[in-house]
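Enquirer: just a sequence and a predicted model for now, questions to come.
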Amino acid sequence: MHFQWYPGHMTKAKRMMQENIKLIDLIIELVDARIPLSSRNPDIDELGKNKARLILLNKADLAEEKWNTAWIEYFQKKGFSAVKVNSKKGGGMKSIQEVIQEACREKTERDRKRGILNRPVRAMVVGIPNVGKSTFINALAGKACAKTGNKPGVTKGKQWIRLNKNVELLDTPGILWPRFEDQTVGLRLAFIGSIKDEILQSEELSAELMQFLVKSYPGILAEKYGIKESEDGFEDLRGVAESRHCLLKGNELDLEKASKLLLDDFRNGRLGRITLEYPEEFA
Ligand code: G4P
């Protein structure tokens, strides 16, 4: 399967990011809890060197809890601050402000030693498209505004959201691109819906997803669709089409429709909490 991304936007996005990174102390990087590494940008470590770093496992509600814990440990071992969140429902949001302070502790200490007191930490949210950046900013800023009673302020042409007296957040997130050249990474990004479905063959995609599910989460498809699970993804897809009455004229199976249904069920968590990649793969 071959993937295309939007290379035109990439250069522009990277330039914007380099400009904005100069203004900040802390990078809050959102990754998708279902694919914490495939949803990372390959250049972020280089772009963000010398900055404090916080990794948020967003959409933690869609991934398996034991793997969320394992991934947090994985990132912490690599020296990042890391926590899981559900930006949509606000889960994990309460403690975020403390986590931000903690992630910047070294920098605050350094400032203090140099006699710089009370300079708020400036942070920026970054991540690949659709990972939940806007949702997260809204959830966090909503809480902060309610808590401190402050309105977003304007500083030197950039919009900063004052979270509290210690932290300011750039209101526009940095958009990064994933490592789309790698086919496994591309496939996982496509499963979660980060690559536009129009440029992909959805039947092939859902057949691949079903193969993964049969292997890693046996019984899930059987229970949800009443099909007999096999190792042939297309066979399973035909099963879904039959059980959900996805039919074309002349009673032929509508595999396209069945694929969309399956992908939609998966992406919205209706197949349960599913993690697509595991830390040991990358040990
Ligand atoms: P972006 O700025 O990084 O591009 O992402 P955005 O916030 O627009 O979020 C993309 C989608 O992910 C949205 O769904 C959003 O609701 C959903 N989302 C964000 N955070 C979470 C989370 O922690 N858990 C879950 N389950 N979903 C999350 P959408 O389909 O575009 O809209 P809608 O379903 O909210 O209407």
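Expert: Right, received. Where do you want to start?

Enquirer: going by C-alpha atoms from here, please, whenever you check contacts or count neighbours.
Expert: Will do.

Enquirer: next, count neighbours for residue 91.
Expert: By other C-alpha atoms under 10 Å, 17 other residues sit near residue 91.

Enquirer: tell me the contacts of the nearest residue to it once chain neighbours are set aside?
Expert: Counting by C-alpha to C-alpha, 6 or more residues apart in numbering, residue 91 lies nearest to residue 85, which is 5.6 Å off, once chain neighbours are set aside. Residue 85 is in contact with 56, 57, 58, 59, 60, 61, 91, 92, 93, counting by C-alpha atoms under 8 Å, 6 or more residues apart in numbering.

Enquirer: which of the residues you listed are close to the ligand?
Expert: Among those, proximity to the ligand is found for 58, 59, 61 (C-alpha under 6 Å from any ligand atom).

Enquirer: wait, which of those is closest to the ligand?
Expert: Distances from the ligand to the ones next to the ligand among the contacts of residue 85, taken as C-alpha to the nearest ligand atom, are shortest for residue 59 (3.3 Å).

Enquirer: tally of neighbours for that closest one?
Expert: Close neighbours of residue 59, defined as other C-alpha under 10 Å, add up to 21.

Enquirer: please apply the same query to residue 86.
Expert: Neighbourhood size, residue 86 [other C-alpha under 10 Å]: 21.

Enquirer: in the stretch 151-283 of the chain, where is pLDDT below threshold?
Expert: Applying pLDDT under 70 to the stretch 151-283 of the chain picks out residues 151-157, 197-200.

Enquirer: can you show me the helices along it?
Expert: Along the stretch 151-283 of the chain, counting by DSSP state H, counting those that start in this stretch, helices occupy 183-192, 202-216, 220-225, 233-243, 255-267.

Enquirer: near the ligand, which residues of the protein show up?
Expert: Checking the chain against the ligand by C-alpha under 6 Å from any ligand atom, the hits are 58-59, 61-62, 85-88, 129-135.

Enquirer: quick one: which of those residues is nearest residue 214?
Expert: residue 62 (18.0 Å; C-alpha to C-alpha).

Enquirer: so after the helix or strand hosting residue 27, what's the next helix or strand?
Expert: In the assignment (DSSP states H and E), residue 27 maps to strand 26-32. Sequence-wise, the next helix or strand downstream of strand 26-32 (DSSP H and E) is helix 44-47.

Enquirer: output that following helix as PDB, nothing but the C-alphas.
Expert: Extracted C-alpha coordinates of helix 44-47, given in PDB (Å, rounded to 0.1, in the frame of the first residue of the first chain):
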ATOM      1  CA  ILE A  44      10.800  17.000  17.000                       C
ATOM      2  CA  ASP A  45      13.800  15.900  19.100                       C
ATOM      3  CA  GLU A  46      16.200  18.000  16.900                       C
ATOM      4  CA  LEU A  47      13.800  21.000  16.700                       C
END
